[in-house]
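> Pasting the sequence and the predicted model now:
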Amino acid sequence: MTVAPDVLAVRRLVRWFDREGPDLPWRRTRDRWAVLVSEVMLQATPVARVIPYYESWLTRWPRAADLAASSVGDAVAAWQGLGYPRRARNLHAAATVIAQSGWPDASRYQDLPGVGAYTADALRCFADEQPVLPEDVNVRRVVARRFPAGWPGAPRGRGWHAGQAMMDLGREFCRARAPRCDDGCPLRPGCPAADAGVVHEVTPVTRRQARYEGSMRQRRGFLLKALAEDGRVRVSSDPEAADSLVAEGLADRRGSLLVPAGSA
DNA sequence: GTCCAGTACG
DNA sequence: CGTACGGGAC
């Protein structure tokens, strides 16, 4: 009985992770709330920037019920600098659901606000240690290049390690534009994309973002920053951006002032 | 100027 | 299915 080469490659990947995988703070816990916080923070935000926020959030709000007892405005203010403040609002809303109804069944994770297909799978893999592979853009790229026949699955009981390893490998070696195949990638042996030299063609082209300077994003961000620092802003300073924040539940309007959401 | 562990909305 | 959403880092 022979073992498929791709299965051996995944074993090699997991051994590499055990040996050289970075010691990120959220990897020291299987606490489901902590995993949810880290995953939402990591949505569209680089690892290095998340670390200090993760530690301060878990210190301030160690359980979902603790965040649920704070206001949305406190969550949004503590998010300052992480980007996409709706994720802070979503996390607060999810904490409220969890505080009221308990942690949901694994099949209902996507019912939590702000939890989509990726984050639901990440919770199953990293919190529940179920044998699923969370597919973010990096992991999809690694699978497309290295396992064109499909993900062969993780060794029994090593799904968590395999998932973490695929994330790290996608970020460190199998990068979108300039992959570092020959710089020690543990999946380099037997990689069809690297062998064929078609690595760049496999990569989906990311859509160009609109100019940030002068955008509604920047204007909203400016108001939220002032809100976090001063606790209030004149609506008249940017009525359009203020309305947009209120419409999304990221701030409240009190007369001519914009105030933190849910503040007393 | 480009990139970044995605999601929700029309 | 296309689009909007932050802002620091390289």
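In hand now; what should we look at? From a predicted model like this one, the values you see are computed outputs, not experimental measurements.

> got the residues of chain A near DNA strand C?
Counting by CB under 7 Å from any atom of the strand, chain A comes close to DNA strand C at A:44-46, A:48-49, A:80-86, A:207, A:209-210, A:212, A:215-218, A:220-222, A:224-225, A:244, A:250. (Glycine included, C-beta is placed from N, CA and C.)

> Now restrict these to buried residues only.
A residue is treated as buried here by neighbour count (16 or more other CB atoms under 10 Å); on that basis the buried members of these are A:Thr45, A:Gln80, A:Leu82, A:Tyr84, A:Pro85, A:Arg86, A:Arg217, A:Arg220, A:Gly221, A:Leu224, A:Ser244, A:Leu250.

> how much space between A:Trp57 and A:Ser38?
A:Trp57 is 9 Å from A:Ser38, where distance means CB to CB, to the nearest Å.

> Stretch A:118-136: which residues count as buried?
Those buried within stretch A:118-136 under the rule 16+ other CB under 10 Å are A:118-127, A:131-136.

> Tell me which helix or strand the nearest residue to A:Ala34 once chain neighbours are set aside sits in.
Closest residue to A:Ala34 in three dimensions, ignoring its sequence neighbours and counting by CB to CB, 6 or more residues apart in numbering: A:Leu58, at 5.7 Å. With elements taken from DSSP states H and E, the one containing A:Leu58 is helix A:47-60.

> Next: A:Glu240.
The secondary structure element spanning A:Glu240 is helix A:239-247 (assigned by DSSP H and E).

> so what's the nearest residue to A:Cys181 once chain neighbours are set aside up against?
Using CB to CB, 6+ apart and skipping residues adjacent in sequence, the residue nearest A:Cys181 is A:Ala194, 4.3 Å away. Shown here is A:Ala194, whose contacts under the criterion CB atoms under 8 Å, 6 or more residues apart in numbering are A:Arg145, A:Pro179, A:Cys181, A:Cys185, A:Arg188.

> now A:Cys191
Going by CB under 8 Å, 6+ apart, A:Cys191 touches A:Arg145, A:Arg146, A:Cys181, A:Cys185.

> Could you export those residues as CSV, including neighbour count and secondary structure?
Rendered in CSV, the data for the contacts of A:Cys191 read as follows (neighbours: other CB atoms under 10 Å; DSSP: H, G, I helix; E, B strand; the rest coil):
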residue, neighbour count, secondary structure
A:Arg145, 23, helix
A:Arg146, 24, helix
A:Cys181, 18, coil
A:Cys185, 20, coil
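
> Looks like A:Tyr109 contacts A:Cys125 (just checking).
No - the pair A:Tyr109 / A:Cys125 is not scored as a contact, 11.3 Å apart, by CB atoms under 8 Å.

> Check the residue nearest to A:Thr96 when sequence neighbours are not counted and give its pLDDT.
The shortest distance from A:Thr96 to any residue that is not its chain neighbour, by CB to CB, 6+ apart, is 4.6 Å, and that residue is A:Ala68. Each residue has a pLDDT score; the one for A:Ala68 is 98.

> Could you measure from A:Val40 over to A:Gly221?
Distance, A:Val40 to A:Gly221, using CB to CB: 18 Å.
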